[in-house]
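1. Sequence first, predicted coordinates after that:
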Amino acid sequence: MLKLNLGSGKIKLDGYENIDIKDGRSAFPLDYDSETISEIRASHILEHFGKHEIADVLRDWVDKLLPGGVLKIAVPNFKKIAEKYVGGSKTDHPIDSYIMGGQTDQNDFHRSIFDPHTLYAHLKNAGLVDISTWSSDLGDCASYEISLNMMAKKPGGLETKIQAIMSMPRLAFTDNLCSAIKVFPKLGIGFSKGTGVFWGQVLSRLIQQFLDDGTEYIITVDYDTWYREEHVIRLLQLMAENPNVDAIVPVQIKRNNEVPMFSIVDADNPAGVTMVPVSRFDNELVPIVGGHFGLTIFRTSAFDDKLEKPWFQAHPNADGDWGEGHIDEDIHFWHNFNRCGKNAALATNIHIGHIQQICTFPGPPHQNFKPVQYYLNQMEKGQYGSHCVPQIEMKK
């Protein structure tokens, strides 16, 4: 497949068509038909265009890519350059040349600056997906310490088939549905919901529905979870980067609580642990034996014949009651998942929201009525400030 190396300069890459203005070939507009190029590598060339041209340049490059084609951009990272300037650190070249160009000829001038936020926004606005970073080992400008390297994919082509599913009540949080509407269609991910009295049965039917149609990943969504496009993209990247993992769970806090929703078991303590060193979470993925379903991604291959059915089942305690000691459907699922040899991991850097109902009171006047908030379960137990309820004097 055809690949382009834009602004190649002296470094000509094998397997690429090397394009440089000094060779009489322009990087914009590209003289190629639409959807004919599998990869475009543009190392330290985008900054040579004016800030009002950037959108048009990227639009032209994306137009030339095949569906599923990759655009790799490298530009000077203005944020890192500024930090080095303020800190007095040395750089590979004079700092002013990173900002204004070397100015050795009429083409050696920089006309735009970028930082991680602005470059990400440009790629996203160009309609690209799966935005991530990349590194260069060629010794070119893209390998400089101050280089900002991002890559992204043009939607379409032979992409992984992904399905999001949600068991939801008949009435639900609108913010959660807005998250789904904003995120999944834009990423080309299907979204299906089921409704019923028994959450585990609904989820089981939804999962079963997509096991035999070529779907590779299933994302379970709870009706009270808040998330955005970046959360889903990073989960998908982690699944692709870790083929030995069957499920990845983002970090979410328990409702009406301050406890993160995951379980870790050590070989030395099979009964489970409640405290672990913070250093345990230095890795981006940490093995766990249980989590939640708020925005958890599964490989469909995890639901093979080795995973015993029923997947979800509630169990009363030893006395046949549903008080302390009973097992909920989701806990049964993770116990079974772990026992059947499936691997789950916590994505320590992906933090999602848990939509909750809280009660907000104005604080006392001497605190300028600063709001005070309580979970509803606290309210039901009378666990709120004395100023929240007026004191009534009973007259004789």
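-> Nice, thanks for sending it over.

2. show me what contacts V202?
-> 167, 194-196 (C-beta atoms under 8 Å, 6 or more residues apart in numbering). For glycine as for every other residue, the C-beta is placed from the backbone atoms N, C-alpha and C.

3. From those residues, list just the buried residues.
-> 167, 194 (16 or more other C-beta atoms under 10 Å).

4. how close does T195 get to K51?
-> 49 Å (C-beta to C-beta, to the nearest Å).

5. now the helices for the stretch 151-300 of the chain?
-> Using DSSP state H, counting those that start in this stretch, the helices of the stretch 151-300 of the chain run over 174-183, 199-209, 229-241.

6. buried set for the shortest one?
-> Neighbour counts over helix 174-183 (16+ other C-beta under 10 Å) mark 176-177, 179-180, 183 as buried.

7. Count the neighbours of T104 for me.
-> Neighbour count of T104, defined by other C-beta atoms under 10 Å: 9.

8. Repeat that for the one 10 residues further on.
-> The tally of other residues near F114 (other C-beta under 10 Å) stands at 22.

9. element containing the spatially closest residue to it that is not a sequence neighbour?
-> Closest residue to F114 apart from its sequence neighbours, by C-beta to C-beta, 6 or more residues apart in numbering: V75 at 4.6 Å. Of the helices and strands defined by DSSP states H and E, V75 is found in strand 65-76.

10. for the record, mean pLDDT for that strand?
-> Regarding strand 65-76, the rounded mean pLDDT is 90.

11. Counting neighbours, which bits of that strand end up buried?
-> Here strand 65-76 shows 65-66, 69-76 as buried, counting by 16+ other C-beta under 10 Å.

12. picking up where we left off before, which one of the helices of the stretch 151-300 of the chain lies closest to L13?
-> helix 229-241 (24.5 Å; C-beta to C-beta).

13. So which of the buried residues of helix 174-183 is the closest to Q383?
-> N176 (26.9 Å).

14. re the thing from before, and the two most separated of the buried residues of strand 65-76?
-> L66 and P76 (28.7 Å).

15. on that earlier part again, which among the buried residues of helix 174-183 gets closest to A314?
-> Using C-beta to C-beta, these come closest to A314 at N176, 23.9 Å.

16. quick one, what contacts the residue nearest the centre of the chain?
-> Nearest to the geometric centre of the chain sits H231, at 2.3 Å (C-alpha atoms, centre = their mean). By C-beta under 8 Å, 6+ apart, the contact set of H231 is 250, 295, 350, 352.

17. The first one: neighbouring residues, count only.
-> Counted with other C-beta under 10 Å, the neighbours of P250 add up to 26.
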